[in-house]
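> task: produce atomic coordinates for the following.
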Amino acid sequence: MAREFEAPDGHGPPAAGTSPYPVEEIAAAWERERPGIPVSSIGIVTPIWQLAKLLGDDRRRVLAGAGVDPATLDLLSVLRRSGEPYTLTTRELSRRSLVTAGAISQRVARAEREGLVTRRPGEGRPRTVLVALTPAGHELIEATVDQVLGREAELVGGLTPEQQEQLAGLLRLLLQDTQRRLGDDRISQVGDD
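Below is the predicted model of the structure:
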């Protein structure tokens with residue numbers, strides 16, 4: 001799939017004078033080389049891959065400037081969105097983050113070392129671990145989520161509110177249908193571990 005980002009000849013970035021949006025060129029080249037091959041998906045899938053790369057890279061830059069990695073942001077965000085007292089079991093964190101129990105354990109250990117969360121045994125339930133946001137974790141997520149969501153709002157700001165709503169609806173439909181076709185309803189964050 002990465003080859004779709006290159007020049008039509010497959011050697012590096014598009015040559016000077018070629019379209020900065022080569023989707024039509026890619027589709028036309030495949031139609032020329034393989035007549036009858038379905039190419040309509042190229043105009044959808046290629047820009048999605050390109051956007052995912054651009055948005056993921058930009059989010060990592062914003063997070064690096066804030067001193068937080070994507071996995072820690074995800075952990076703190078899930079706790080913050082849960083509402084007061086900002087405490088969840090590791091099982092619930094895993095479910096809401098859509099990552100394995102092992103990945104949650106690593107995230108919690110790292111965030112605990114940094115003083116962003118605490119963990120303690122659950123009351124009356126063996127092996128249940130409760131993870132809570134600390135004041136430092138709360139402060140970090142408040143500042144970081146403003147930066148991340150503000151930046152992402154800026155990046156989609158070229159679309160009108162109506163276009164944003166329409167695109168969000170279409171992407172939701174495409175995601176749900178793709179998940180159904182693939183038999184995979186997991187959703188992961190770009191850039192997570």
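
> what sits against residue 142?
residue 80 (Cβ atoms under 8 Å, 6 or more residues apart in numbering). All C-beta spots, glycine's among them, are computed from the backbone N, C-alpha and C.

> mind listing the strands for the protein?
87-89, 117-121, 129-133 (DSSP state E).

> so which of those strands gets nearest residue 96?
Taking Cβ to Cβ, strand 87-89 is the member of the strands of the chain nearest to residue 96, at 7.3 Å.

> partners of the closest one, with directions?
strand 129-133 (antiparallel) (DSSP bridges).

> from the chain's centroid, how far away is the partner strand?
Offset of strand 129-133 from its chain centre (Cα atoms, centre = their mean, to the nearest Å): 24 Å.

> contacts for it?
Contacts for strand 129-133 (Cβ under 8 Å, 6+ apart): 76, 79-80, 85-90, 93, 108, 116-122, 141.

> could you tell me which of these count as buried?
76, 79-80, 86-90, 93, 108, 116-117, 119, 141 (16 or more other Cβ atoms under 10 Å).

> before we move on, back to that, could the strands of the chain be laid out in CSV, adding mean pLDDT and distance to residue 57?
Below are the strands of the chain laid out as CSV (pLDDT from 0 to 100; distance: least, Cβ to Cβ, whole Å):
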stretch, mean pLDDT, distance to residue 57
strand 87-89, 95, 30
strand 117-121, 94, 27
strand 129-133, 95, 28
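
> residue ranges with poor pLDDT in the protein?
Across the chain, the ranges flagged by pLDDT under 70 are 1-21, 186-193.

> remind me, longest helix of it?
helix 42-66 (DSSP state H).

> please identify the buried residues of that one?
Of the residues in helix 42-66, those buried (16+ other Cβ under 10 Å) are 42, 46, 55, 59, 62-63, 66.

> ok, now which ones touch residue 112?
With Cβ under 8 Å, 6+ apart, residue 112 has these contacts: 118-119.

> distance-wise, check it relative to residue 134.
9 Å (Cβ to Cβ, to the nearest Å).

> is residue 58 in contact with residue 148, as I believe?
No. Residue 58 lies out of contact with residue 148 (Cβ atoms under 8 Å); the separation is 9.6 Å.

> re earlier: figure out which of the strands of the chain is closest to residue 173.
strand 87-89 (30.1 Å).

> now do that closest one: everything it contacts.
Residues contacting strand 87-89 (Cβ under 8 Å, 6+ apart): 78-79, 82, 96, 122, 128-133.

> so can I have TSV of those residues showing distance to residue 168?
Compiled in TSV, the contacts of strand 87-89 are given as follows (distance: Cβ to Cβ, whole Å):
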residue	distance to residue 168
78	21
79	25
82	24
96	21
122	37
128	36
129	35
130	34
131	31
132	32
133	28
